[in-house]
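K.L.:
missing the sequence, but the structure's below:
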């Protein structure tokens, strides 16, 4: 394990303890942002099957694929997207193995170097990968021109595969990149509602400009990790941000749980899902966010018609 991580990950809460959906979950519902972490054996002294980067910010989370598969029927989730965490850097082995175990209900977002070979990109695509994550927090100290060059370079590498870019980024970089992002010719997703925090100097005008990019460009926004934003404001303020995003362009909005909620494995994923009842009160809009939009972006198979279930029906599926 890395020395002296900043955060100690806690044990995962049982799936059956989660709050159940407060609304009917549509067939084909997708969690568009979760992570998978795996270890070898049951003993702390056993070497990790998938070693972390040397400077990991947290200890190994209790976020195995088996935990997540138990959560799915409880919450009525049929598909999911595994996002490569910073914990593993550009070693996507854990993610690729999880995709193989999960089969066609899962897709992946990897972290890669610009020098990755075309052969490797094809291998990742065949495994179920449909996008690349750009961790711009790690590049935040670079001149903005260098960051823009990196974004364009990665867009050129993955565009032939039909992939999209996924930005894990400070809101200030989004603010300073609006014109460049408007010129991108492939789809890109900004995680965690754009991460536009007032404490970092972001303003209402900056947020409105991002909504314009959502409406008129290739931008998508992800409703994920509200608790990370609420650390610096309030859940009510986050609700206002989420509702504005949905109102601006519901056809380009995704929902993600951010499971296993690093470092707090006790967080209630069902409660996070139920925030959609506030952010998108209309069932048709929720279906877009949970089914239609991720199916388009991540290339999932179409959900069977007429199979929407009530939350009670879905809970009955859980074991």
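P.N.:
Right, received. Where do you want to start? These numbers were taken from a predicted model, which means no experiment stands behind them.
K.L.:
quick one: secondary structure of the residue nearest to residue 274 when sequence neighbours are not counted?
P.N.:
Closest residue in space to residue 274, ignoring its immediate chain neighbours: residue 22 at 4.7 Å, by Cβ to Cβ, 6 or more residues apart in numbering. Where C-beta positions appear, they are placed from N, C-alpha and C, glycine not excepted. Of the three states, residue 22 takes coil according to DSSP: H, G, I helix; E, B strand; the rest coil.
K.L.:
against residue 272, how distant is residue 22?
P.N.:
Distance, residue 22 to residue 272, using Cβ to Cβ, to the nearest Å: 12 Å.
K.L.:
quick one: which of the two has more around it?
P.N.:
More neighbours surround residue 272 than the other of residue 22 and residue 272, with 24 against 14 (other Cβ atoms under 10 Å).
K.L.:
which other helices and strands does the host helix or strand of the more buried one contact?
P.N.:
Secondary structure from DSSP states H and E places residue 272 in helix 269-274. Applying 3 or more Cβ pairs under 8 Å, 6 or more residues apart in numbering; DSSP states H and E, we find helix 269-274 packed against helix 65-75.
K.L.:
so what touches the helix it packs on?
P.N.:
For helix 65-75, the surrounding residues in contact (Cβ atoms under 8 Å, 6 or more residues apart in numbering) are 12, 15-16, 18, 20-21, 25, 34, 36, 38, 77-78, 80, 98, 101-102, 259-260, 269-270, 273, 314-315, 317-319.
K.L.:
need the helices for this protein, in chain order.
P.N.:
Secondary structure of the chain (DSSP state H): helices located at 65-75, 93-102, 118-127, 144-158, 171-175, 178-183, 204-216, 226-230, 235-248, 269-274, 276-279, 283-287, 293-298, 311-315.
K.L.:
circling back: I figured the residue nearest to residue 274 was touching residue 277, is that so?
P.N.:
Yes: counting by Cβ atoms under 8 Å, residue 22 does reach residue 277; the two are 5.2 Å apart.
K.L.:
centre-most residue in this structure?
P.N.:
residue 33 (2.5 Å; Cα atoms, centre = their mean).
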